[in-house]
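Chemist: Sharing a model prediction with you, sequence too.
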Amino acid sequence: MKHIVLYLVLALAIIACNSSKVHTKGQDKVTTKSQDTVRIANDSLAYEIIIIEPGFNSWLNGRGKPRGYYSQNFLESRNQLYVAEWNRRVLNTNQFDTRLYEMQIDYNSQIDYGYEVNYLLYYYFIYFQRHYKQQLIGFVSRL
């Protein structure tokens, strides 16, 4: 579990490495390496996010709303809230399990990461909250 969250957080940190670039209309490529690994990459932005979580992919396919159900603005606003709370928990090691919250996520609201990144990140936070019985922003979003 500790390594899974570490890989997720490291992948999210990679997103922020390119904060000075402006979004171009490049295509996101989503590939599934295995049943439990989701890779999202956009070559024009030079970012990559990898979600390695046992059961996430099948959970998403079975419970997630179809792409396009939520607007990108909705997903971005929720992700900003989730990331802020996640980072607060990373810094508050006395109160929260460090095996769940290992590293901060550098999510910049000024960068347009595209729909696919925001969609998968949003659903990862929902999966995380339900699977590990955590509440990041006061309530667990309904599916």
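Modeler: Nice, thanks for sending it over.
Chemist: residues in contact with residue 82?
Modeler: By CB atoms under 8 Å, 6 or more residues apart in numbering, the residues touching residue 82 are 121-122, 125, 136-137. C-beta here means a position set from N, CA and C on the backbone, and glycine is covered the same way.
Chemist: Would you agree residue 50 falls within a strand?
Modeler: Yes. The assignment for residue 50 (DSSP: H, G, I helix; E, B strand; the rest coil) places it in a strand.
Chemist: That one: neighbouring residues, count only.
Modeler: Other residues lying near residue 50 total 16 when counted by other CB atoms under 10 Å.
Chemist: hang on, isn't residue 63 packed against residue 131?
Modeler: No. Here residue 63 does not reach residue 131: they are 11.4 Å apart, not a contact under CB atoms under 8 Å.
Chemist: ok, back up a step: now, which of the contacts of residue 82 sits nearest residue 55?
Modeler: Residue 55 has its nearest neighbour among these in residue 125, at 15.0 Å by CB to CB.
Chemist: And the pLDDT at residue 9?
Modeler: pLDDT for residue 9: 47.
Chemist: With pLDDT as new columns, can the contacts of residue 82 be given to me in CSV?
Modeler: As requested, the contacts of residue 82 are exported to CSV (pLDDT from 0 to 100):
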residue, pLDDT
121, 91
122, 94
125, 94
136, 93
137, 89
